[in-house]
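J.: would you be able to build a 3D model of this:
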Amino acid sequence: MKALRWHDVKDLRVETVEEPVATKGKVKIKVEWCGICGSDLHEYVAGPIFIPKEAPHPLSGEQAPIVMGHEFSGRVVEVGEGVTKVKVNDRVVVEPILACGECAACRKGMYNLCEKMGFHGLAGGGGGFSEFTVVSERMVHLLPEELSYEQGALVEPSAVALYAVRQSKLKVGDKAVVFGAGPIGLLVIEALRAAGASEIYAVELSEERKAKAAELGAIVLDPTKVGNVVDEIRTLTGGGADVTFEVTGIGPVLKQSIDATSLEGETIIVSIWEKEASLQPNTLVLPQKSVKGIIAYRDVFPAVISLMKQGYFSADKLVTKRIHLEEAVSEGFEALLKEKNQVKILVKAE
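T.: Coordinates of the predicted model:
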């Protein structure tokens, strides 16, 4: 079968690999759509970050080259011995976290904090940029008939956004700011809307992404046009936002995110970082502010799917391009680097 594999930085190849089979406790899926994630883009331009290159991943047992893709939907075509959760022809999405089930975090149910944690499609074991992939039964969630496969490919990134908001101290009626209106930033705006934020501000430079953020209900601020964006936020919110979300992975923006919160405000770091960022601790100490990092999600896929049935996280609003696997590098990864009008690009392997 055809699959897109990461070999090294800026070295992705569509290759012919062996088609997987469903062994005991496993589910084989015919992939319908797979989204290109910001994490995939980080691996392409600055990896390896999550991809095991020098040694096999402790859970998958694999190392580069590995099949990429972890935001995907598909149809069950084979089930292994003992599988009872799904059957052949079921429509599904995959929660792609690899967890050991034995460490302290896993024993507490915090599987996204597993000491050996990895992602299907980043840490080996297969991936969604392929015709077929095999996953553990526990990773599979049924996709309701009223949701399209394209919508299904947005469940995973939407889970990141919903989990970020759930992990914050935001309450109904609070004011929030999202720094960065890329795909995850836009989904955070949707999650904030669902959570009952009274005012949602989006800080963004791209004209296309500003328009998309406004379409989703955010009050858009362009830092090149409002002067000091932190002062502007403080003025508009009456002293600062209750919670801010940093979704850019850029050092100076992290500082702005913290400065834009109110006294005892909170900043949630959602982005994955390629470099270190400096921080003056007194910016937290004196106003008693807090910063919290989040990784992936846990126990939110059912809630995301339920919200999608209500119209949140709409693929019609967020998907800007659909391509075939052979075009994944030129029309997918490279397009996301060069074309700021792109939000979510979906790939079909056939």
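J.: look up how far residue 235 lies from the residue nearest the centre of the chain.
T.: Nearest residue to the geometric centre of the chain (CA atoms, centre = their mean): residue 157, 3.5 Å. Here residue 157 is placed at a distance of 32 Å from residue 235 (CB to CB, to the nearest Å). C-beta coordinates here come from the backbone N, C-alpha and C atoms, glycine included.
J.: doesn't residue 82 belong to a helix?
T.: No - counting by DSSP: H, G, I helix; E, B strand; the rest coil, residue 82 is located in no helix; its state is coil.
J.: near residue 239, how many other residues are there?
T.: 12 (other CB atoms under 10 Å).
J.: from residue 70, how far off is the residue lying closest to it once chain neighbours are set aside?
T.: With CB to CB, 6 or more residues apart in numbering as the criterion, residue 239 has its nearest non-adjacent residue at 5.1 Å, and that residue is residue 262. Distance, residue 262 to residue 70, using CB to CB: 35 Å.
J.: compare neighbour counts for those two and give me the winner.
T.: With neighbours defined as other CB under 10 Å, residue 262 and residue 70 compare such that residue 70 has more, 26 against 20.
J.: contact partners for that one?
T.: By CB atoms under 8 Å, 6 or more residues apart in numbering, the contact set of residue 70 is 37, 39-40, 94, 96, 119-122, 127-128, 156.
J.: out of the residues you listed, who has the most neighbours?
T.: residue 121 (33 neighbours).
J.: that residue should be in a helix, yeah?
T.: No - counting by three-state DSSP, residue 121 falls outside a helix, being coil.
J.: in this structure it contacts residue 57, no?
T.: No - using CB atoms under 8 Å, residue 121 makes no contact with residue 57, being 11.9 Å away.
J.: and the helices in the protein?
T.: Taking DSSP state H, the helices of the chain run over residues 38-46, 104-107, 149-152, 155-167, 183-195, 207-215, 229-237, 251-259, 282-285, 301-309, 315-318, 334-338.
J.: of those, give the one that comes closest to residue 63.
T.: Of all the helices of the chain, helix 38-46 sits nearest to residue 63, with 13.5 Å by CB to CB.
J.: give the other helices and strands that that closest one contacts.
T.: helix 334-338 (3 or more CB pairs under 8 Å, 6 or more residues apart in numbering; DSSP states H and E).
J.: quick one: buried residues of the helix it packs on?
T.: 335-336 (16 or more other CB atoms under 10 Å).
J.: CA atoms only: put it into CSV for me.
T.: Output in CSV follows, covering the C-alpha atoms of helix 334-338 (Å, rounded to 0.1, in the frame of the first residue of the first chain):
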residue,chain,number,x,y,z
GLU,A,334,4.8,23.2,1.8
ALA,A,335,1.5,25.0,1.2
LEU,A,336,1.0,25.4,5.0
LEU,A,337,4.5,27.0,5.2
LYS,A,338,3.9,29.4,2.3
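J.: can you pull the contacts of the residue nearest to the centre of the chain?
T.: Contacts of residue 157 by CB under 8 Å, 6+ apart are 35, 37, 71, 183-184, 187, 344.
J.: closest to residue 64 out of these?
T.: residue 37 (17.5 Å).
J.: these two touch, right, that closest one and residue 71?
T.: Yes - Residue 37 is in contact with residue 71 according to CB under 8 Å; the separation is 5.4 Å.
J.: any residues in contact with both of these two?
T.: By CB under 8 Å, 6+ apart, the residues touching both residue 37 and residue 71 are 156-157.
J.: state the number of residues packed around residue 148.
T.: Residue 148, neighbours per other CB under 10 Å, totals 17.
J.: how near is the closest residue to it other than its chain neighbours to residue 149?
T.: Spatially, and ignoring its direct neighbours in sequence, residue 148 is nearest to residue 315 (6.6 Å; CB to CB, 6+ apart). The gap separating residue 315 from residue 149 is 9 Å, by CB to CB.
J.: repeat for residue 5
T.: The value you get for residue 5 to residue 149, if CB to CB is used, is 23 Å.
J.: next: residue 122.
T.: Residue 122 is 21 Å from residue 149, by CB to CB.
J.: same deal with residue 226?
T.: Taking CB to CB, one finds residue 226 at 40 Å from residue 149.
J.: looking only at neighbour counts, state which of the two leads.
T.: More neighbours surround residue 149 than the other of residue 226 and residue 149, with 20 against 15 (other CB under 10 Å).
J.: the more buried one and residue 71 touch, don't they?
T.: No - with contact defined as CB under 8 Å, residue 149 does not reach residue 71; the gap is 12.0 Å.
J.: quick one: the residue nearest to the centre of the chain and residue 274, what's the gap?
T.: According to CB to CB, residue 157 stands 19 Å off from residue 274.
J.: and residue 86, by the same measure?
T.: Distance from residue 86 to residue 274, by CB to CB: 37 Å.
J.: how about the CA coordinates for stretch 309-316, as PDB?
T.: Output in PDB follows, covering the C-alpha atoms of stretch 309-316 (Å, rounded to 0.1, in the frame of the first residue of the first chain):
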ATOM      1  CA  LYS A 309     -23.400  17.100  16.200                       C
ATOM      2  CA  GLN A 310     -24.500  20.500  17.500                       C
ATOM      3  CA  GLY A 311     -22.600  22.300  14.800                       C
ATOM      4  CA  TYR A 312     -19.300  23.200  16.600                       C
ATOM      5  CA  PHE A 313     -15.900  22.600  15.000                       C
ATOM      6  CA  SER A 314     -17.400  22.700  11.500                       C
ATOM      7  CA  ALA A 315     -15.300  21.100   8.700                       C
ATOM      8  CA  ASP A 316     -17.200  23.400   6.200                       C
END
